[in-house]
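**Q** have a look at this prediction, sequence included:
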Amino acid sequence: MIKTFEMKLYQSKKNRYLHDSIDAAAQIYNHCIALHKRYYKLFKKHLNKFQLQKHLTKLKKLEKFLFWKNVGSQAIQDITDRIERGFQLFFCSLKSNKRVRPPSFKKRKKYKSFTLKQAGYKLFENNKIIIGKRCYKFHKSREIDGDIKTLTVKRDPLGDIYLFFSCEVPEVQTEKVLSGKSVGFDFGLKCFLTLSDESEIESPEFFKKGLKSVRKANRSLSRKKKGSKNRILARRNLARIHKKIANQRRDYHFKLAKHLAETYDVLFFEDLNMKAMQKMWGRKVSDLSFSFFLNILEYYCGKTGSKIQKIDRFYPSSKTCSFCDYVFKELSLNDREWSCPNCCFHHLRDVNAAKNIHRVGASALGVGEVRLATVVSAHC
């Protein structure tokens, strides 16, 4: 089991050497992409990563490329591995309907990280680490468990540098006292999550709340002259606002995921096509960040022993009556409430979908068909 620990590096004048190393890694990456394009243009063949590594080793001996040695041999190997994986995904996508773009050039300012594997760094006590030939100090928020496999040095738009330790830790079998609680969730744009027990979880929509500050910072950035120091300060101010919004959303998702994983034994969700939803509704879907929340929930379910079950995305959960299984095909997205033409049971759209997700997911899991007790309040 691979677990990643994130640590922030303390601000220091020595950090500029890491920034220079990331910039050099960006130049190596773009040089490799240019070689790939040129090699394919001449020979109509894909350039092997081992050929690329031999070529880069020769270039490092030239006076023009001596600063590449600051990156480290294993970091350069990781760059070639990253490019190779990108091209292999592109070649595989040509055989299927799903298209993936091949690796392309990246701006130096947008290049973020380099990765060291077995060598190039050494970890010490008192929160100190040697990268290359220089010692740095980082904020140790928790103990690093397991065997360290890779170290990734990454910078964010604010210029802060983070260390990501990917460690191999033994899997721990968690024994949870089962409470028998299971619930279905329906994701929506108006309400973040609707539960099959008719309760609702609203999203704070942090980006919507901070939209005024984002627009103000964007206007300030657009007025600054390109290349000026004021533009750099304005860009960092905008990045700081976006980072605050992302941290607020992340904190909310972690707390909510922990609560749900500890409360329920089995959680049922619908396998949604989030990319298609993002194309249709755009900023609203990105602000809710449902896919990111599911990843966090899966992590907490692994810790607590709970289980996540997804049902087929093509199952008409909103159009199916949870009382008599009648499918009302004429139901539109604008209809938030509807009455079943067959049994005349009145439904709230999201609650009905959550009940169907719970029932179908439980039957697929082998628990047996689960139908919540409902009281028929109105009949034709």
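**A** On my side now, so go ahead.
**Q** in this protein, which residue is closest to the centre?
**A** Nearest to the geometric centre of the chain sits Phe292, at 5.3 Å (Cα atoms, centre = their mean).
**Q** these two touch, right, that residue and His253?
**A** Yes - between Phe292 and His253 a contact is recorded at 6.5 Å, counting by Cβ atoms under 8 Å. C-betas here are computed from N, CA, C, even on glycine.
**Q** now do the longest helix seen in the chain: which elements does it pack against?
**A** Using DSSP state H to define each element, the chain has its longest helix at helix 229-263. Helices and strands touching helix 229-263, by 3 or more Cβ pairs under 8 Å, 6 or more residues apart in numbering; DSSP states H and E, are helix 206-209, helix 211-223, helix 290-304.
**Q** next, the buried residues of stretch 110-122.
**A** 111-117, 120-121 (16 or more other Cβ atoms under 10 Å).
**Q** touching it from outside, list them.
**A** With contact meaning Cβ atoms under 8 Å, 6 or more residues apart in numbering, stretch 110-122 is reached by 21-23, 25-26, 29, 71-75, 77-79, 129-132, 149-156.
**Q** what of stretch 200-219?
**A** Residues contacting stretch 200-219 (Cβ under 8 Å, 6+ apart): 191-195, 234, 237-238, 241-242, 244-245, 248-249, 252, 256, 283, 286-288, 350.
**Q** hmm, which of those residues are the buried ones?
**A** 192-195, 234, 238, 241-242, 245, 249, 252, 256, 287-288, 350.
**Q** same question for stretch 152-164, mean pLDDT?
**A** For stretch 152-164, the mean per-residue pLDDT is 94.
**Q** typo on my end, it should be stretch 30-39
**A** 94.
**Q** roughly how far out does that stretch sit from the chain middle?
**A** Its chain's C-alpha centre and that of stretch 30-39 lie 29 Å apart, by Cα atoms, centre = their mean, to the nearest Å.
**Q** and the helices and strands packed on helix 229-263: which comes nearest His36?
**A** For the helices and strands packed on helix 229-263, the distance to His36 is smallest for helix 290-304, at 31.0 Å, taking Cβ to Cβ.
**Q** check which element follows that closest one along the chain.
**A** Sequence order places strand 307-311 as the next helix or strand after helix 290-304, per DSSP states H and E.
**Q** just want the angle from that next one to helix 290-304.
**A** Comparing the axes of strand 307-311 and helix 290-304 via axes from the mean of the first three to the mean of the last three Cα atoms, to 10 degrees yields an angle of 140 degrees.
**Q** so for strand 307-311, mean pLDDT?
**A** 91.
**Q** so which elements touch it?
**A** Using 3+ Cβ pairs under 8 Å, 6+ apart, strand 307-311 is in contact with strand 266-270, helix 290-304, helix 349-365.
**Q** weakest of those in terms of mean pLDDT?
**A** Minimum mean pLDDT among the helices and strands packed on strand 307-311: helix 349-365, a mean of 88.
**Q** what does that helix contact?
**A** By Cβ under 8 Å, 6+ apart, helix 349-365 touches 182-186, 188, 190-191, 194-196, 198, 200, 266, 268-270, 309-311, 315, 317-318, 320-322, 331, 335-338, 368-372.
**Q** filter these to the buried ones?
**A** 182-186, 188, 194-196, 266, 268-270, 309, 311, 315, 317-318, 320-322, 331, 338, 370.
**Q** which of these fall within strands?
**A** 182-186, 194-195, 266, 268-270, 309, 311, 338 (DSSP state E).
**Q** farthest pair within those residues?
**A** Val266 and Trp338 (28.0 Å).
**Q** which members of the contacts of stretch 110-122 are classed as buried?
**A** Looks like the contacts of stretch 110-122 have 21-23, 25-26, 29, 71-75, 77-79, 129, 131-132, 150-155 buried, using 16+ other Cβ under 10 Å.
**Q** next step: those residues restricted to helices.
**A** 21-23, 25-26, 29, 73-75, 77-79.
**Q** so Met7, which of the three states?
**A** Here Met7 is strand, with the state taken from DSSP: H, G, I helix; E, B strand; the rest coil.
**Q** also Lys226?
**A** Quick answer, by three-state DSSP: Lys226 is coil.
**Q** report the contact partners of Thr159.
**A** Not quite, residue 159 is Gly, not Thr. Contacts of Gly159 by Cβ under 8 Å, 6+ apart are 19, 236.
**Q** ok, now how distant is it from Thr115?
**A** Here the distance between Gly159 and Thr115 works out to 20 Å (Cβ to Cβ, to the nearest Å).
**Q** quick one: pLDDT of the closest residue in space to Cys167 that isn't next to it in sequence?
**A** Of all residues not flanking Cys167 in the chain, Gly146 sits nearest, at 3.6 Å (Cβ to Cβ, 6 or more residues apart in numbering). Note on Gly146: pLDDT of 87.
**Q** the one 3 residues further on too?
**A** As predicted, Lys149 sits at a pLDDT of 93.
**Q** about what we covered before: tabulate the helices and strands packed on strand 307-311 (a markdown table), appending distance to Glu84.
**A** Shown next, in a markdown table, are the helices and strands packed on strand 307-311 (distance: least, Cβ to Cβ, whole Å):
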| stretch | distance to Glu84 |
| --- | --- |
| strand 266-270 | 35 |
| helix 290-304 | 26 |
| helix 349-365 | 39 |
